[in-house]
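>>> fold the following and give me the result.
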Amino acid sequence: MAETTQTQPPARRWRIDKAWVAILAIPAGLTLFAPQEVWPTITFALSALMHTAPFILFAILAVAYLKATGAENLLARAFEGREARMIVLAAFAGGLSPFCSCEVIPFIAALLAVGAPLGAVMAFWLSSPLMDPAMFAITAGTLGTGFAVAKTFAAVSIGLFGGFTVKAMAKSALFADPLKNAPAPACCSSSGCGAGSGADVYSGEVQWRFWTDRTRRASFRSTAFENALFLSKWLLLAYMIEALMLRYVPADLVAQVLGGTGIGPILLAALVGAPAYLNGYAAVPMVAALLDQGMSNGAAMSFVIAGGVSCIPAAVAVWALVKPRVFAAYLGLAMVGAIVSGLVWGTVA
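Predicted coordinates for the structure are as follows:
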């Protein structure tokens, strides 16, 4: 009897974008419980988004250009040469590159597999989720250039601190045989990756005049579109949340818990950074609202550093590749860096 069944292609799975659901849910909920707040919330969010639009446009074009030219290949050079030099270059590359945390998993897995020092990889891992060109532009536009520069400096410094700490303890049981045997799963999603997502990284040489190549032009267009959608979505949601926080969260409560001086508010901000952290871009307006309500400068810096490193996309990128003890060290180094960064920024700001 002939086989009558045929293998059917898998049905396309539609993924619900939680960010867009939340954007629609906020005015819907206000319509039911506080209808007088619907229009003020929407106008506040749209006005704030338009105010940030020049920075968003710059970020979109900058990341698309890096993708289309293949300039990200320059990142690989950070992992060549002596280990100390590798750590320094990896920390700077992580803090300045447009990669999202999940996007670097294949890159980092290959480096670890061929024996790249864990110190250099850790330096990159710690600094990469904290800053990139798009995040710098949006942070500068919302929180000021000073805060953006300070966060960039903190990202690179934490990368250096983590890298050289791992180098010094490389022969200890903590960092011996760090890799998991299982293959790394993909973790990127529409709500998890940073603004660096888009076309695949080119394996060839950098071509600065990308517009002469049809494939690279297509890469530029697709990357620009994806980043425009990504940033607009998350910032619109963030500005809506900011409007709700300004309206419903008592300023004196924020000032009492996260204001003032000393290590207390900074330590608390670092501890609550992970569960409260939506996304590296969405967190910026949230921090702006908290600062307006009395959050100390040091606590704000501690919050964005701890939350950036320990948020789900960044954490999954590390968990996917290394053993739990190395993952715990990653979180520990990040927390120490966040607290120190908060103390320093609270003093100089």
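
>>> how much space separates Leu267 from Met245?
For Leu267, the distance to Met245 (CB to CB, to the nearest Å) stands at 22 Å. Where you see a C-beta, it was placed from the backbone N, CA and C, and this is true even at glycine.

>>> my bad, should have said Arg325
According to CB to CB, Arg325 and Met245 sit 38 Å apart.

>>> higher neighbour count, these two?
When neighbours are counted by other CB atoms under 10 Å, Met245 comes out ahead of the other of Arg325 and Met245, with 18 against 14.

>>> now do whichever helix or strand that one is part of: distance to the chain's middle.
In the assignment (DSSP states H and E), Met245 maps to helix 214-248. Centroid separation for helix 214-248 versus its chain: 13 Å, with CA atoms, centre = their mean, to the nearest Å.

>>> rounded mean pLDDT for that helix, please.
Averaged across helix 214-248, the pLDDT comes to 84.

>>> ditto for stretch 23-34
The model assigns stretch 23-34 a mean pLDDT of 94.

>>> for stretch 257-276, same thing?
According to the model, stretch 257-276 has a mean pLDDT of 77.

>>> off-centre distance for that stretch?
Worked out by CA atoms, centre = their mean, stretch 257-276 lies 20 Å from the chain centre.

>>> buried residues, it. List them.
Using 16 or more other CB atoms under 10 Å as the test for burial, stretch 257-276 gives 257-259, 265-267, 269-274.

>>> likewise stretch 39-55?
By neighbour count on 16+ other CB under 10 Å, the buried set for stretch 39-55 is 41-42, 44-45, 48-49, 52, 55.

>>> how about stretch 82-93?
For stretch 82-93, the neighbour count (16+ other CB under 10 Å) marks 83, 86-93 as buried.

>>> also stretch 226-235?
For stretch 226-235, burial by neighbour count (16+ other CB under 10 Å) applies to 226-228, 230-231, 233-235.

>>> ok, the residues you listed vs Thr69, which is closest?
Comparing the buried residues of stretch 226-235 against Thr69 with CB to CB places Asn227 closest, at 15.4 Å.

>>> secondary structure element holding Leu61?
Applying DSSP H and E as the criterion places Leu61 in helix 38-69.

>>> which residues does the next helix or strand after that helix contact?
Along the chain past helix 38-69, the next helix or strand (assigned with DSSP H and E) turns out to be helix 83-96. Residues outside helix 83-96 that contact it (CB atoms under 8 Å, 6 or more residues apart in numbering) are 75, 77-80, 116-117, 119-121, 123-128, 130-133, 152, 155-157, 159-160, 163-164, 167.
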